[in-house]
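>>> Sharing a model that was predicted from the sequence below.
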Amino acid sequence: MTVLKVNKPAVFFSLRQMSQQNEIIRFLVGLSTDFEAAEQKLKGLLKDEPC
């Protein structure tokens, strides 16, 4: 969610509005972590490397 919030803020805020009606989306939108760490983990997943 952190990477989405930084790179695609319009999508993130749309999800945030949808979260009022969906508890799972509300939980996911509430997640936050260090941007650098999240981006590194995503890049590792795309390369099929263990985190």
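Done, it's in. These figures come from a predicted structure and were not determined experimentally.

>>> Going by C-alpha atoms from here, please, whenever you check contacts or count neighbours.
Will do.

>>> List of residues touching stretch 40-51?
The contact list for stretch 40-51 (C-alpha atoms under 8 Å, 6 or more residues apart in numbering) is empty.

>>> How far away from the center of its chain is it?
Averaging C-alpha positions (C-alpha atoms, centre = their mean, to the nearest Å) puts stretch 40-51 15 Å from its chain's average.

>>> Please report phi then psi for residue 19.
phi -70, psi -20 (degrees, to the nearest 10).

>>> For it, which non-adjacent residue is closest in space?
residue 26 (4.3 Å; C-alpha to C-alpha, 6 or more residues apart in numbering).

>>> Please state the offset of stretch 16-26 from the chain centre?
14 Å.

>>> Stretch 3-23 too?
Averaging C-alpha positions (C-alpha atoms, centre = their mean) puts stretch 3-23 9 Å from its chain's average.

>>> what mean pLDDT would you report for it?
Average pLDDT, stretch 3-23: 94.

>>> go on, stretch 40-48?
89.

>>> Just the CA coordinates for that stretch, please, in CSV.
Extracted as CSV, the C-alpha positions of stretch 40-48 are listed here (Å, rounded to 0.1, in the frame of the first residue of the first chain):
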residue,chain,number,x,y,z
GLN,A,40,13.0,-3.4,-2.5
LYS,A,41,10.7,-6.3,-1.6
LEU,A,42,8.5,-5.8,-4.6
LYS,A,43,11.5,-5.7,-6.9
GLY,A,44,12.8,-8.9,-5.3
LEU,A,45,9.4,-10.6,-5.9
LEU,A,46,9.4,-9.5,-9.5
LYS,A,47,12.9,-11.1,-10.0
ASP,A,48,11.8,-14.3,-8.1
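
>>> What about residue 31? Give its phi and psi, please.
According to degrees, to the nearest 10, residue 31 has phi -70, psi 140.

>>> Tally up the residues packed near the residue nearest to it when sequence neighbours are not counted, please.
Among residues not flanking residue 31 along the chain, residue 1 sits closest, at 6.4 Å (C-alpha to C-alpha, 6+ apart). The number of residues packed near residue 1 is 16, by other C-alpha atoms under 10 Å.

>>> cool, residue 28 as well?
Neighbours of residue 28 using other C-alpha under 10 Å come to 13.

>>> Many thanks, we can stop here.
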